[in-house]
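J.: Here you go, sequence then predicted model.
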Amino acid sequence: MAAAGTGVFFDGATSARRAVLVELTRDGVVVRDAEERDMLARWPYDELDRLAAPEGVLRLGHAGARLLARLEVRDPALAAAIDEASVPVDRSGAGERKSRLKVIGWSIAAVVSLLFGAVFGVPALADRIAPLVPLSAERWLGEAVDTQARRMLDNGTAGGTFECGTGSGEAEGRAALAVLIGKLEAAAALSLPLDAKVVRRSEANAVTLPGGHIYLFQGLVDKSENPDELAGVIAHEIGHVAHRDGTRAILQSAGLSFLFGMLLGDFVGGSAVVIGARAVLQSSYSREVESAADRYAVELMNRAGGDVRALGAVLTRLGGAVHPGIAILADHPDTKARVAVIESLAGASAPPQPLLDPAEWRALKRICTGR
Ligand SMILES: [Zn+2]
């Protein structure tokens with residue numbers, strides 16, 4: 001092991017490059033002028049900073065030093081000796097190793113999910129796994145995806161804050177929404193709390209993310225003609241929550257690598273979360289999934305004491321609407337069939353009291369505008 005060698009030293013104050021002798025002592029690197037032998041620097045091993053350098057050059061700095069002095073070593077034997085003496089310098093790069101491990105983990109996850117997908121089929125696999133995801137994990141997944149989804153949904157064109165009900169004059173609307181959600185939530189008796197909000201987007205649509213996050217677009221509130229129509233759509237979205245469709249959609253699009261990403265900690269802000277948010281926002285559900293949510297909505301509206309047919313009415317009104325990008329609620333070629341099913345399930349029961357009184361409904365209609 002080389003205990004001494006040569007290098008080039010920059011004192012950080014001038015641009016002069018000096019040929020130096022580098023000695024490795026017991027507790028640090030000592031740098032001396034090659035000719036005059038006077039000591040230019042004494043850097044303890046644990047205060048060495050490895051700086052970016054071209055291939056074949058070990059460039060060191062002194063951590064926390066005021067001057068940007070640096071030492072360059074080209075002698076491989078000496079560089080190796082410095083490596084060995086000082087763990088933190090670590091020329092192989094612990095950080096790089098870590099991210100390499102992460103990439104390996106992701107690759108394994110991708111291969112495993114491909115294999116599983118090939119054996120069972122990805123949708124079937126997602127069907128099997130979604131119910132097994134613990135609720136705590138789903139809530140956590142929901143939080144992560146929620147942040148990303150909000151960023152994707154907020155196109156910033158509406159002006160004001162993205163979420164309605166936060167401005168002055170909107171508090172009553174927010175309170176009315178809380179009443180409506182509270183009635184549906186009580187009837188649904190879900191095992192996780194709902195987080196439903198109205199946001200400034202003009203489409204008449206709604207989006208449900210894992211973990212009970214429901215986004216109702218302002219356009220939907222505008223197009224709803226009574227509280228039970230809006231409640232019907234919310235009940236349909238709660239159906240997606242209860243059936244864990246958001247989690248299933250994410251598992252289908254990102255596969256098991258999503259779960260592995262969670263395990264590896266490369267999750268929040270990682271690519272998995274972007275894939276996941278996109279999966280929920282851009283994929284539309286199959287006919288089976290949608291009609292299951294419709295059936296759930298009819299049952300829930302019944303239990304909450306609302307007008308079971310209102311969902312059919314609002315779907316009919318929105319049926320022909322075009323919703324670029326996000327097409328979860330309205331993109332149904334078979335709206336008529338859905339409405340017919342809702343009607344048949346509704347039976348002959350008389351329409352009961354609306355879920356909100358007229359004053360509350362007026363306030364809710366103004367949740368994005370104040371007055
Ligand atoms: Zn749906």
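T.: Cool, got the structure.
J.: list the contacts for A69?
T.: The neighbours of A69, taking CB atoms under 8 Å, 6 or more residues apart in numbering as the test, are 9-12, 41, 61-62. The way it works is simple: take the backbone N, C-alpha and C, and place the C-beta from them, glycine included.
J.: Now list the buried members of those.
T.: Applying a neighbour-count criterion of 16 or more other CB atoms under 10 Å, the buried members of the contacts of A69 are 9-11, 41, 61-62.
J.: Mind putting the residues you listed into JSON lines with secondary structure, pLDDT and distance to L355?
T.: JSON lines is the format used below for the buried ones among the contacts of A69 (DSSP: H, G, I helix; E, B strand; the rest coil; pLDDT from 0 to 100; distance: CB to CB, whole Å):
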{"residue": "F9", "secondary structure": "strand", "pLDDT": "91", "distance to L355": "78"}
{"residue": "F10", "secondary structure": "strand", "pLDDT": "85", "distance to L355": "75"}
{"residue": "D11", "secondary structure": "coil", "pLDDT": "81", "distance to L355": "77"}
{"residue": "A41", "secondary structure": "strand", "pLDDT": "89", "distance to L355": "76"}
{"residue": "G61", "secondary structure": "strand", "pLDDT": "85", "distance to L355": "67"}
{"residue": "H62", "secondary structure": "strand", "pLDDT": "83", "distance to L355": "69"}
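J.: What ranges does the stretch 251-371 of the chain have for its helices?
T.: 256-264, 271-282, 287-304, 310-318, 335-346, 358-365 (DSSP state H, counting those that start in this stretch).
J.: Can you convert those into a markdown table and add a column each for mean neighbour count and mean pLDDT?
T.: What follows is the helices of the stretch 251-371 of the chain, written out as a markdown table (neighbours: other CB atoms under 10 Å; pLDDT from 0 to 100):
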| stretch | mean neighbour count | mean pLDDT |
| --- | --- | --- |
| helix 256-264 | 21 | 56 |
| helix 271-282 | 21 | 72 |
| helix 287-304 | 20 | 90 |
| helix 310-318 | 22 | 86 |
| helix 335-346 | 16 | 83 |
| helix 358-365 | 17 | 96 |
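J.: Tell me which of these lies nearest to the ion.
T.: helix 287-304 (4.7 Å; CB to the ion).
J.: tell me the angle of the closest one relative to helix 335-346?
T.: 40 degrees (axes from the mean of the first three to the mean of the last three CA atoms, to 10 degrees).
J.: Other residues contacting helix 287-304?
T.: Helix 287-304 is contacted from outside by 183-184, 186-188, 228, 231-233, 235-240, 242-243, 245, 285, 307-308, 310-311, 332, 334, 338, 341-342, 345-346, 349, 355, using CB under 8 Å, 6+ apart.
J.: Could you do stretch 22-41 as well?
T.: Residues from elsewhere that reach stretch 22-41 (CB under 8 Å, 6+ apart): 2-7, 9, 11, 18-21, 42-45, 47-48, 60, 62, 69, 71, 73, 78, 81-82, 85-86.
J.: in this structure, which residue is closest to the centre?
T.: For the chain, the residue sitting closest to the mean C-alpha position, by CA atoms, centre = their mean, is V145 at 2.9 Å.
J.: ok, that residue to the ion distance?
T.: 17 Å (CB to the ion, to the nearest Å).
J.: Give me the buried positions along whatever helix or strand that residue lives in.
T.: Using DSSP states H and E, V145 falls within helix 135-153. Neighbour-count burial for helix 135-153, with 16+ other CB under 10 Å as criterion, is recorded at 138-142, 144-146, 148-150, 152-153.
J.: try stretch 172-189
T.: Here stretch 172-189 shows 172-174, 176-177, 180-181, 183-185, 187-188 as buried, counting by 16+ other CB under 10 Å.
J.: Which one of the residues in the stretch 51-200 of the chain is closest to the ion?
T.: Nearest residue of the stretch 51-200 of the chain to the ion (CB to the ion) works out as A196 at 14.5 Å.
J.: Now for that residue, how many residues are close by?
T.: Neighbourhood size, A196 [other CB atoms under 10 Å]: 21.
J.: need the contact list for the residue nearest to R139 when sequence neighbours are not counted.
T.: The shortest distance from R139 to any non-neighbouring residue, by CB to CB, 6 or more residues apart in numbering, is to G211 (4.4 Å). By CB under 8 Å, 6+ apart, the residues touching G211 are 138-143, 145-146, 192, 195, 246.
J.: Adding pLDDT, write the residues you listed out as a markdown table.
T.: Formatted as a markdown table, the contacts of G211 follow (pLDDT from 0 to 100):
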| residue | pLDDT |
| --- | --- |
| E138 | 82 |
| R139 | 84 |
| W140 | 80 |
| L141 | 79 |
| G142 | 85 |
| E143 | 84 |
| V145 | 82 |
| D146 | 87 |
| L192 | 88 |
| D195 | 94 |
| G246 | 86 |
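J.: Show the low-confidence segments of the stretch 101-250 of the chain, by residue range.
T.: 101-125, 157-160 (pLDDT under 70).
J.: Strands of that one, residue ranges please.
T.: With DSSP state E, counting those that start in this stretch applied, the stretch 101-250 of the chain shows strands at 195-199, 206-209, 213-217, listed in chain order.
J.: wait, which of the ones you listed is closest to A130?
T.: strand 206-209 (13.8 Å; CB to CB).
J.: Quick one: check the closest one for contact with the ion.
T.: No. With CB under 5 Å from the ion as the criterion, the ion is not reached by strand 206-209; the gap is at least 7.5 Å.
J.: For that strand, output the C-alpha coordinates as CSV.
T.: Coordinates of each C-alpha in strand 206-209 appear next as CSV, following Å, rounded to 0.1, in the frame of the first residue of the first chain:
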residue,chain,number,x,y,z
ALA,A,206,-65.6,13.0,-10.7
VAL,A,207,-62.4,11.0,-9.8
THR,A,208,-61.8,8.6,-7.0
LEU,A,209,-58.3,7.7,-5.8
